[in-house]
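Undergrad: Attaching a predicted model along with its sequence, questions to come.
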Amino acid sequence: MKDRYQVTLAYDGTDFHGSQRQPNVRTVQGEVEKALQEIAWKGRTTYFAGRTDAGVHAAGQVAAFDLDWAHTKEDLQRALNANLPRDISAKKVVKTKQGFQPRFDALYRRYRYRIHCDPIRDPLQDRYIWRVWPEVNLARIREASSHLLGVHDFGALGSPHQEDGSTIREVKEAFWRKEKDTYTFQIVGNAFLYHMVRHIVILLVEIGQGRKRVNHVAAHLDRPGGPPARGLAPARGLTLLEVVYPENEVISG
């Protein structure tokens with residue numbers, strides 16, 4: 001009998017063409033399905049909580065699949081990790097309810113974006129952080145970020161994943177921390193539009209550098225027919241940290 005399993009994935013997105021399966025290119029979903037096929041999975045597709053762009057990383061991506069598995073969930077985790085490439089790891093495996101859909105059942109997602117303010121590049125950080133110069137002003141980007149909170153139409157800061165999809169989203173948290181020359185942005189929302197976080201980050205960086213006014217964020221909200229935001233922060237600075245679900249989704253810890 002097949003059960004539905006939920007797996008939490010971490011991956012270095014540098015060498016992937018995004019998370020979603022695509023023909024003739026390397027993707028996270030494609031590698032996960034290859035690993036499952038090595039342990040006698042006969043399914044047609046796995047289900048992911050969301051799409052990440054090429055180069056975007058994850059510490060808490062969630063996928064689900066149906067599998068006839070006669071062993072423990074710990075055995076399944078070990079089997080997956082034995083067959084996954086070095087840049088993907090199954091961090092946790094649980095049995096979940098039939099019909100669980102990682103994308104539609106999620107309560108909210110948490111993303112992190114990191115920038116490093118330095119005129120000289122650092123090869124040891126460049127895969128996971130965006131180096132910017134001149135330095136940003138922390139007070140300005142914090143003030144600008146506060147305008148993101150609440151329910152807004154973010155159509156000028158991203159596009160829906162499906163044609164004619166809604167561009168209304170709720171942002172629950174949007175804050176910056178600084179440690180030495182590294183600035184970390186965390187944003188939590190019920191869902192995100194395509195490129196939404198990267199549009200937001202580059203706009204905030206421009207505000208922090210004094211190239212745009214603090215009210216530029218507010219000017220893009222609830223105006224989906226207005227001028228769209230231009231430019232994208234590099235994918236390498238972005239990480240999907242976690243996807244959160246109602247407690248009753250898991251039936252076997």
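TA: Done, it's in.

Undergrad: show me where the stretch 51-200 of the chain has strands.
TA: Here the stretch 51-200 of the chain has its strands, by DSSP state E, counting those that start in this stretch, at 57-67, 88-96, 108-117, 130-132, 150-153, 168-179, 182-189.

Undergrad: Next, format the ones you listed as CSV and append mean neighbour count.
TA: Using the backbone N, CA and C atoms, a C-beta is placed for each residue, glycine as well. As requested, the strands of the stretch 51-200 of the chain are exported to CSV (neighbours: other CB atoms under 10 Å):
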stretch, mean neighbour count
strand 57-67, 22
strand 88-96, 18
strand 108-117, 21
strand 130-132, 20
strand 150-153, 15
strand 168-179, 16
strand 182-189, 20
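
Undergrad: With respect to residue 219, which of those lies nearest?
TA: Nearest to residue 219, of all these, is strand 150-153, at 11.9 Å by CB to CB.

Undergrad: Where does the prediction get shaky in this protein?
TA: Applying pLDDT under 70 to the chain flags the ranges 226, 248-253.

Undergrad: Go again with 50.
TA: Across the chain, the ranges flagged by pLDDT under 50 are 253.

Undergrad: Just give me the residue right at the centre of it.
TA: Central residue of the chain (CA atoms, centre = their mean): residue 240, 3.2 Å from the mean position.

Undergrad: Now that it has come up, it's in contact with residue 106, right?
TA: No. Residue 240 lies out of contact with residue 106 (CB atoms under 8 Å); the separation is 11.3 Å.

Undergrad: Identify the contacts common to those two.
TA: Shared contacts of residue 240 and residue 106, defined by CB atoms under 8 Å, 6 or more residues apart in numbering, are found at residue 50.

Undergrad: one step back: hey, what's the residue lying closest to the residue nearest to the centre of the chain once chain neighbours are set aside bridged with?
TA: When the adjacent residues along the chain are set aside, residue 240 lies closest to residue 58, with 4.2 Å between them (CB to CB, 6 or more residues apart in numbering). Bridge pairing for residue 58 (DSSP bridges) gives the partners residue 11, residue 240.

Undergrad: give the contact list for residue 58.
TA: Applying CB under 8 Å, 6+ apart, the residues contacting residue 58 are 9-11, 13, 19, 28, 52, 239-240.

Undergrad: tell me the domain ranges of the protein?
TA: The chain breaks down into these domains under automatic domain parsing: 3-105, 108-242.

Undergrad: Now the terminal residues of the shortest one, how far apart.
TA: This stretch, domain 3-105, spans 18 Å end to end (CA to CA, to the nearest Å).

Undergrad: And for the longest one?
TA: Taking CA to CA, the span from the opening residue of domain 108-242 to its closing residue is 9 Å.

Undergrad: next one: stretch 95-103
TA: Stretch 95-103: ends 17 Å apart by CA to CA.

Undergrad: Report the distance from that stretch to the chain centre.
TA: Between the mean C-alpha location of stretch 95-103 and the chain-wide mean there is a distance of 19 Å, by CA atoms, centre = their mean, to the nearest Å.

Undergrad: Same question for stretch 19-36.
TA: What separates the centre of stretch 19-36 from the centre of its chain is 17 Å, taken as CA atoms, centre = their mean.

Undergrad: Return the alpha-carbon coordinates of it using PDB.
TA: The C-alpha coordinates for stretch 19-36 follow below in PDB (Å, rounded to 0.1, in the frame of the first residue of the first chain):
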ATOM      1  CA  SER A  19      13.700  23.500  -8.500                       C
ATOM      2  CA  GLN A  20      11.000  22.500 -11.000                       C
ATOM      3  CA  ARG A  21      11.700  19.700 -13.400                       C
ATOM      4  CA  GLN A  22      12.600  20.800 -17.000                       C
ATOM      5  CA  PRO A  23      13.700  18.800 -20.000                       C
ATOM      6  CA  ASN A  24      17.500  18.500 -20.700                       C
ATOM      7  CA  VAL A  25      18.600  20.600 -17.700                       C
ATOM      8  CA  ARG A  26      19.600  19.700 -14.100                       C
ATOM      9  CA  THR A  27      16.900  20.600 -11.500                       C
ATOM     10  CA  VAL A  28      16.200  19.700  -7.900                       C
ATOM     11  CA  GLN A  29      12.900  17.900  -8.700                       C
ATOM     12  CA  GLY A  30      14.600  15.900 -11.400                       C
ATOM     13  CA  GLU A  31      17.400  14.800  -9.000                       C
ATOM     14  CA  VAL A  32      14.900  13.900  -6.300                       C
ATOM     15  CA  GLU A  33      12.900  11.800  -8.700                       C
ATOM     16  CA  LYS A  34      16.000  10.000  -9.900                       C
ATOM     17  CA  ALA A  35      16.900   9.100  -6.300                       C
ATOM     18  CA  LEU A  36      13.400   7.800  -5.700                       C
END
